[in-house]
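*Asks:* how would this look folded up:
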Amino acid sequence: MNYQAAIEQARRDPEGFWLEAARSLDWAAFPARAHDRDDDLWFPDGSINLCHNAVDRHVAEGRGHQQALIYESPISGRAATFTYRELLTRVAKTAGMLAGAGVKRGDRVVIYMPMVPEAVFAMLACARIGAVHSVVFGGFAAPELAKRIDDCQPVCVLTASCGLEPGRTIAYKPLLDSAIGQCRHKPDTVILLQRKELRAELTPNRDIDWQAAHDAADPVDCVPVKSTDPLYILYTSGTTGTPKGVVRDTGGYATALAWSMAHVYGVSAGDVYWAASDIGWVVGHSYIVYGPLLAGCTTILFEGKPVGTPDAGIFWRLIDRHRVKVLFTAPTAIRAIRRADPDGAFVAKSDLSSLQALFLAGERADPDTLNWIADLLDRPVIDHWWQTEIGWPAIATCHGLGESEIRPGSAGRAVPGFRFSVQDDNHRKVAPGTVGNLLIEQPLPPGAFRALWNNPERFAEGFADFPRHYTSGDAGMIDADGFIHIMGRTDDIINVAGHRLSTGQMEEVVAAHPEVVECAVVGAADALKGEMAVAFVVPRRDGGNPDLVRKELIASVRETIGPIASPRSVWFVDGLPKTRSGKILRNLLRSIVNGEEIVVPQTIEDPSVIEAIAAQLAETAAD
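*Replies:* Model (predicted):
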């Protein structure tokens, strides 16, 4: 099947298209129908177990000897490999450990752990017994962890004694104890994995040692669940108020992921697939754990950074060592590598002949960064787009369907099953090439969220502004050839003297300058024009004259977009504030330039970055 045939079949006969996709999985009861339009449920009469499909099935089919999970931790200096048979043993025992702690089908389990194999075992073990897991990024601050515990009310929390970051060890137990102390809901049990870098004291009558409980547990079998039963709750990053818990169903999600591995990423059983993300994010759920294992691939769990652990060559050495076929990472990781190794010297030192494609997502991939890494690798570099709510790619160049045209600045075309629309604020469809509100027509395909935990009102809000459409919150445009361009969040569209301008388009121009490694453009309040653009630029470490570069950047924006878009100011900074998943926190930059109160979210990777920028602007204003 090629892309055009797939997109047409998914539009013409979604029922048949998705039932056929579901046949790639083992079902306890195969669904008689794909979609219930009244309740918007996928495979409503099916039953399945995702762990069986991700682990047991491959052993039964004779692939027990194949590598399933490779653990690489350059921070700790440890590495390990687990075959599918070994993974089955560990997951079944971990499931027995949970059952021994009283966890039953439908119970919630919070997983607050670093990037270690036991975290993957825990997620699969929850799926094995029908429990609902909620992974919270390891090291998350106590108040935010407390909100999530109170919201999903777990009977058990799985944690570790510590997490590791370059140059520091983060003790998890004090954070967890503080969070539980703030909670109205108190979990019955905490199961703690001791790491050799730091041991933690167990709280009597609540805490259990992971290793002891695991060793004493009897393995348990998979429990079939309804296709519509929740697999997990994942709280979206950047939440400052009540957390928004995205609920993922089981059968629809499994079907969508299995289909995407073959048709978006172009991988199959036996291939090595690496998503360099974290299990705390949706990318980690979908493409470190569940997607690759459903496809029978070998997946890599990486505890490290793209630079500094130990250098900017770690990605390329691991691709060489493990013969990785597809790498998936964030554009911010490539920008960090580019800044540390601008000439790509490390790329030349590794054998990358196994690599067929690099996929990027999580932050808009500016054409300059995309072209830089594409030239170095001489491989397809594919930007693609999706969200926590969606669960799997919605816009992409479908590598597995034979698509090859890549249009820098675009995330690709609609993935089969998704129908996009761009409308203005008055609900009118806009002409091709016009920026507006990026919407997805209902019903959303399998794998997308069907609810928010304990919050039906907030779930309905995502569909309220534009009837029969899901509002992505992104501004975008679809060109005449169907390529979709994400221009930034809708609140990143600025109004300059009555002209609606995309800061993403401005960033594209700024990033093209050879002295610029990374940039962000935000709108600053202006008494005369309403708003004006302000650019924050991370320059090359051996960059040229700042005054000259500043003039060239302003001139480039004027010439490319127009005088109306000319930045009011250009600030050179050492780094941009980002979440741990690599998203630039433009709202914080906007608050700084507008003199507003700065509310730093718990998801920020390095708070000192925003402090340094605020101090830099304040010092200049004082002068």
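
*Asks:* tell me which element the nearest residue to Ser569 once chain neighbours are set aside falls in.
*Replies:* Distances taken as C-beta to C-beta, 6 or more residues apart in numbering place Val534 nearest to Ser569, at 5.3 Å, with adjacent residues excluded. From N, CA and C alone the C-beta is placed, and that goes for glycine too. Per DSSP states H and E: Val534 is located in strand 530-539.

*Asks:* in that strand, what counts as buried?
*Replies:* Across strand 530-539, burial judged by 16 or more other C-beta atoms under 10 Å covers 531-539.

*Asks:* before we move on, back to that, doesn't Ala525 make contact with the residue nearest to Ser569?
*Replies:* No - using C-beta atoms under 8 Å, Val534 is not in contact with Ala525, being 10.2 Å away.

*Asks:* quick one on the thing from earlier: in TSV, list the buried residues of strand 530-539 along with pLDDT.
*Replies:* Output for the buried residues of strand 530-539, formatted as TSV (pLDDT from 0 to 100):
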residue	pLDDT
Glu531	85
Met532	90
Ala533	92
Val534	95
Ala535	96
Phe536	96
Val537	95
Val538	93
Pro539	92
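
*Asks:* quickly name whichever of those is closest to Val120.
*Replies:* Val538 (33.7 Å; C-beta to C-beta).

*Asks:* skip the chain neighbours and tell me the closest residue to that closest one.
*Replies:* Per C-beta to C-beta, 6+ apart, closest to Val538 is Glu518, 4.2 Å.

*Asks:* surely the one you found and Arg339 touch.
*Replies:* Yes - if you go by C-beta under 8 Å, Glu518 and Arg339 touch, sitting 7.4 Å apart.

*Asks:* more neighbours: which of those two?
*Replies:* Per other C-beta atoms under 10 Å, whichever of Glu518 and Arg339 has more neighbours is Glu518, with 27 against 17.

*Asks:* which residues does the residue nearest to Ser569 contact?
*Replies:* Residues near Val534 by C-beta atoms under 8 Å, 6 or more residues apart in numbering: 521-524, 567-571, 589, 593.

*Asks:* same question for Val522.
*Replies:* With C-beta under 8 Å, 6+ apart, Val522 has these contacts: 492, 494, 503, 533-534, 536, 586, 589-590, 593.

*Asks:* which helix or which strand is home to it?
*Replies:* strand 516-526.

*Asks:* give the rounded mean pLDDT of stretch 166-184.
*Replies:* For stretch 166-184, mean pLDDT is 95.

*Asks:* cool, and stretch 58-78?
*Replies:* The average of the pLDDT scores along stretch 58-78 is 97.

*Asks:* before we move on, back to that, and the buried residues of strand 530-539, which two are the farthest apart?
*Replies:* Glu531 and Pro539 (25.0 Å).

*Asks:* related to what we said a few turns ago, the residue nearest to Ser569 pairs with what?
*Replies:* On the basis of DSSP bridges, Val534 is bridged to Val522, Ser569.

*Asks:* how many neighbours does Arg419 have?
*Replies:* For Arg419, the neighbour count with other C-beta under 10 Å is 19.

*Asks:* hang on, Gly16 in a helix?
*Replies:* Yes - counting by DSSP: H, G, I helix; E, B strand; the rest coil, Gly16 is found in a helix.

*Asks:* what sits against it?
*Replies:* Per C-beta under 8 Å, 6+ apart, neighbours of Gly16: 9, 34.

*Asks:* pLDDT wise, what is the residue lying closest to Thr471 once chain neighbours are set aside at?
*Replies:* Leaving aside its sequence neighbours, Thr471 sits nearest to Asp465 (C-beta to C-beta, 6+ apart; 5.2 Å). On pLDDT, Asp465 comes in at 89.

*Asks:* Asp465 and Ser472 touch, don't they?
*Replies:* No - with contact defined as C-beta under 8 Å, Asp465 does not count as touching Ser472 (10.9 Å).

*Asks:* any idea which element Arg407 lies in?
*Replies:* Per DSSP H and E, there is no helix or strand for Arg407.

*Asks:* can you get me a residue count around the nearest residue to it once chain neighbours are set aside?
*Replies:* Spatial nearest neighbour of Arg407, excluding adjacent residues (C-beta to C-beta, 6+ apart): Phe483 at 4.9 Å. Neighbour count of Phe483, defined by other C-beta under 10 Å: 20.

*Asks:* CSV for the contacts of Val534, including distance to Asp351?
*Replies:* Formatted as CSV, the contacts of Val534 follow (distance: C-beta to C-beta, whole Å):
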residue, distance to Asp351
Val521, 39
Val522, 42
Gly523, 46
Ala524, 48
Pro567, 43
Arg568, 48
Ser569, 46
Val570, 41
Trp571, 41
Leu589, 40
Val593, 46
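
*Asks:* quick one: which of the residues you listed has the most company?
*Replies:* Neighbour max across the contacts of Val534 (other C-beta under 10 Å) = Val521, 29 neighbours.

*Asks:* looking at Asp465 and Ser472, which one has more neighbours?
*Replies:* The residue with more neighbours, out of Asp465 and Ser472, is Ser472; 22 against 15, by other C-beta under 10 Å.

*Asks:* where does that one sit: helix, strand or coil?
*Replies:* strand.

*Asks:* residues in contact with the closest residue to it other than its chain neighbours?
*Replies:* Using C-beta to C-beta, 6+ apart and skipping residues adjacent in sequence, the residue nearest Ser472 is Leu438, 4.7 Å away. Applying C-beta under 8 Å, 6+ apart to Leu438 gives the contacts 420, 422, 472, 474-476, 484, 486.

*Asks:* out of those, which is nearest to Gln356?
*Replies:* Ile484 (23.4 Å).

*Asks:* give the bridge partners for that closest one, please.
*Replies:* According to DSSP bridges, beta-bridge pairing links Ile484 with Gly412, Ile478.

*Asks:* burial count for it?
*Replies:* Around Ile484 there are 23 residues (other C-beta under 10 Å).

*Asks:* does Gln442 touch Thr471 like I think?
*Replies:* No - checked against C-beta under 8 Å, the pair Gln442 and Thr471 is beyond contact range at 11.0 Å.

*Asks:* need the overlap of contacts for the two.
*Replies:* Common contact partners of Gln442 and Thr471 (C-beta under 8 Å, 6+ apart): Phe463.

*Asks:* low-scoring stretches of the stretch 201-350 of the chain, by residue?
*Replies:* Counting by pLDDT under 70, the low-confidence segments of the stretch 201-350 of the chain come to 237-242.

*Asks:* in it, which spans are strands?
*Replies:* Counting by DSSP state E, counting those that start in this stretch, residue ranges of the strands within the stretch 201-350 of the chain are 207-209, 225-226, 230-235, 245-249, 272-275, 298-302, 326-329.

*Asks:* other SSEs contacting the third one?
*Replies:* Contact analysis of strand 230-235 by 3 or more C-beta pairs under 8 Å, 6 or more residues apart in numbering; DSSP states H and E lists helix 117-129, strand 132-135, helix 142-152, strand 245-249 as its packing neighbours.

*Asks:* direction-wise, compare that strand with helix 142-152 and give the angle.
*Replies:* Using axes from the mean of the first three to the mean of the last three C-alpha atoms, to 10 degrees, the inter-axis angle of strand 230-235 relative to helix 142-152 is 150 degrees.
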